[in-house]
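**Q** Dropping a prediction and its sequence here:
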Amino acid sequence: MARMTVAAIVVAALAAATIPAAPARAAGRTLLNVSYDPTRELYQALNPLFAKEWKQETGGTVDIEMSHSGSGSQARAVIDGLDADVVTLALASDIDAIAQKAHLLPPDWQKRLPDDSTPYTSTIVFLVRQGNPKKITDWPDLIKPGVQVITPNPKTSGAARWAFLAAWAWAAHRPGGNAQTAKAYVAALYKHVPILTTGARGSTTAFVERGIGDVLLSWENEADLAQAQLGPGRFAIVYPSSSILAEPPVALLDKNVDRHGTRKVAEAYLKFLYSKPAQEIEARNHYRPRDPQVLSEYSREFPPLKLYTIEAEFGGWAKAQAKYFGDGGIFDQIYTHGR
Amino acid sequence: MTTRTRRAAEDPVAMRLICIAITAAFIIVLLLLPLITVFAQALAKGLGLALSRIETHDAWTSIRLTLIVAAISLPLNTLFGICAAWAIAKHTFRGKVLLTSLIDLPFSVSPVVAGLAYVLIFGMQGWLGPALRLWNIKIIFALPGIVLATLFVTVPFVARELVPLMIDQGRDEEEAAVSLGAGGLQTFFRVTLPNIKWGLLYGVLLCNARAMGEFGAVTVVSGHIRGLTNTMPVQVEALYNDYEFVGAFALASLLALLALFTLALKSLLEWRYAGEIAATHRH
């Protein structure tokens, strides 16, 4: 028996040694796209089409590997060495962090591609329960007594930061509105938030699966997806009078693609995201396409509404990030005060 | 001794029933019901669909990765466990108490901390990251990092099983073997190993269950690349977040089955070799 145990251990060790390690990435053939949570379905649809086009144009094959998690933690992983060729994250400040802390791309990366490097946009909408029992139609309804609002933690979630700024912009633009009234509104709003989840997917699951809350502040694409995948008719999307133009940007990481020898294919991949067929796929996956023609084709899915931009309203992400979401920033002030 | 045990067994009937009821309630509510829910969710839309979700490329590669990680960490932990237990139980040396408590470290440190520690050492902003990149060696966000994280959390299992056993058995038999002219290796394989084999096997089985199931430490260093660096538990979470509930619970069921299989194997061995096990403990 002792012999057998030893033999078993030796066999296990040998087996471990002979199992081939994860396949090595052949230079120029594989791209790693590090993305955030809700884009899985989108890139699952986009990647095969790009591989096909790349094959037609160059005769070469390309495999695209995907990594999904919360946008902020993905940026952190790339900074710590997750070997991405391209990043497609939820907001610019996450890619700014990669530029500042790991110097994998230049600080002005966002000017390198059209439309501030965001081939598709989204916005923040309200998802309510069937029949809209709490009669929620616009931002003021969120702070009525007895209404519970579900939104993730702005410290960790991209969607939550967009939602925070959408609420702020609406309040600041009311008649007689200013920074003071906006802060008061947002403070009141977060008193109606019973739990802060870490990511957008977590808050969607809390709202949809676990039945918590009356209204979910959600990515438009996430709300559409939740409706489609988790039972149409159980929920309804409410478009508020104004929201924010959420721009999830894309970028290639210069240092990494040059080391892998994948610059050409990475550039083509990002350019492809702006092409007509890709814009069609993005629209079908509930992202607002930049191409005006494709957008008008899908206009029924994307009702027009007043969208404030981060650039005009808040002076860009670099400023907004520090002012609203940094340590001791406005979110910290209002969220601790209410407790 | 005998009379005292008998008196304990003759506790008031109510007392005994309450104890049994509390234990049973805990096990049913905290262990059995959740486990049954996992299987029920996996099979909610039929066995065929559950199986088809396990056959997808990403699920399959996650199973393969988990098995590879276990196959690497088990022999290493076995070797370490035997060495550590041998040193602690059969020898006296300076720092023995310290070494004994250090082995327990992974039990008390949160796995997330272990994962982050490896990121700090091998990450690009860490001590060794830049040098490793220069030589094109991947540790974190690749197989070696996942193995390291798994090793960290599973290190105590074999040693913890063996140390008390070997202390119990003392050094008499080894000394007898040596005095009869046996060499070191001969003594180990002929005397020590047969005496500890049951404890060793038990430790290895526990270690295996933990290695396959580890989530916290692994998720920090995995990089979440689908079909490449997602182990089974990490893939379960990813699928759950994708609203792929059938897939998530099917894979979770498979993990649970692996654990139940381990448990069954252990019970079977204990039952089959009950006499022999009692003998090694009585030494």
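**A** The structure has been received and is ready for your questions. In this text, all values refer to a predicted model and were calculated from it rather than measured experimentally.

**Q** In terms of helices and strands, where is the residue nearest the centre of chain B?
**A** Nearest to the mean C-alpha position of chain B, counting by Cα atoms, centre = their mean, stands B:C207 at 2.3 Å. Here B:C207 sits within helix B:193-213, counting by DSSP states H and E.

**Q** which secondary structure elements does that helix contact?
**A** helix A:2-18, helix B:57-90, helix B:143-154, helix B:156-169, helix B:245-272, helix B:274-282 (3 or more Cβ pairs under 8 Å, 6 or more residues apart in numbering or on different chains; DSSP states H and E). Placement of C-beta: from N, CA and C, glycine included.

**Q** okay, now residue 70: neighbour count?
**A** No chain specified, so I'll use chain A. When neighbours are defined as other Cβ atoms under 10 Å in any protein chain shown, A:G70 has 24 of them.

**Q** actually it's chain B I care about, not the one you picked
**A** By other Cβ under 10 Å, the residues close to B:A70 number 24.

**Q** Quick check: the residue lying closest to it once chain neighbours are set aside vs B:K96, distance?
**A** In this structure, B:A70 finds its nearest non-sequential neighbour in B:A211, 4.5 Å apart by Cβ to Cβ, 6 or more residues apart in numbering or on different chains. B:A211 sits 27 Å away from B:K96, going by Cβ to Cβ, to the nearest Å.

**Q** Look at these two and report which has more neighbours.
**A** B:A211 (25 against 13).

**Q** related to what we said a few turns ago, contacting residues for the residue nearest to the centre of chain B?
**A** Residues counted as contacts of B:C207 (Cβ atoms under 8 Å, 6 or more residues apart in numbering or on different chains) are B:73-74, B:77-78, B:81, B:154, B:157-158.

**Q** wait, what's in contact with the closest residue to A:T30 other than its chain neighbours?
**A** Nearest residue to A:T30, sequence neighbours excluded (Cβ to Cβ, 6+ apart): A:D63, at 4.8 Å. Shown in contact with A:D63 (Cβ under 8 Å, 6+ apart): A:29-31, A:51.

**Q** Quick check: which ranges of the stretch 151-283 of chain B have low pLDDT?
**A** B:277, B:279-283 (pLDDT under 70).

**Q** Swap in 50 and give it another go.
**A** Judged against pLDDT under 50, the stretch 151-283 of chain B has no low-scoring part.

**Q** likewise the stretch 1-150 of chain A?
**A** For the stretch 1-150 of chain A (pLDDT under 50), the answer is A:1-7, A:9-28.

**Q** switch to 80 and redo it
**A** Regions of the stretch 1-150 of chain A meeting the criterion pLDDT under 80 cover residues A:1-28.

**Q** quick one: the spatially most central residue of chain A from A:S73, how far?
**A** Centroid-nearest residue in chain A: A:A90, 3.2 Å away (criterion: Cα atoms, centre = their mean). Note on A:A90: its distance to A:S73, by Cβ to Cβ, is 11 Å.

**Q** Just give me the closest of the contacts of A:D63 to B:R171.
**A** Nearest to B:R171 out of the contacts of A:D63 is A:T30 (Cβ to Cβ; 56.3 Å).

**Q** phi, psi of the closest one?
**A** phi -120, psi 140 (degrees, to the nearest 10).

**Q** Please name the residues that touch it.
**A** Neighbour list for A:T30: A:62-65, A:262 [criterion: Cβ under 8 Å, 6+ apart].

**Q** ok, and of the contacts of B:C207, which contact chain A?
**A** Contacts with chain A within those, as defined by Cβ under 8 Å from any Cβ of the partner chain: B:74, B:78.

**Q** Which of the residues in the helix holding B:C207 are classified as buried?
**A** Of the residues in helix B:193-213, B:193-213 count as buried by neighbour count, 16 or more other Cβ atoms under 10 Å in any protein chain shown.

**Q** what do you get for stretch A:103-114?
**A** For stretch A:103-114, a neighbour-count test (16+ other Cβ under 10 Å) marks A:104-105, A:109-110, A:113 as buried.

**Q** For the helix or strand where B:A176 lies, C-alpha coordinates in PDB please.
**A** If you go by DSSP H and E, B:A176 is part of helix B:172-179. Output in PDB follows, covering the C-alpha atoms of helix B:172-179 (Å, rounded to 0.1, in the frame of the first residue of the first chain):
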ATOM      1  CA  ASP B 172      11.100   4.100  18.600                       C
ATOM      2  CA  GLU B 173      10.500   2.200  15.400                       C
ATOM      3  CA  GLU B 174      12.800   4.300  13.300                       C
ATOM      4  CA  GLU B 175      15.500   3.900  15.900                       C
ATOM      5  CA  ALA B 176      15.000   0.200  16.000                       C
ATOM      6  CA  ALA B 177      15.300   0.100  12.200                       C
ATOM      7  CA  VAL B 178      18.500   2.100  12.100                       C
ATOM      8  CA  SER B 179      20.000   0.000  14.900                       C
END
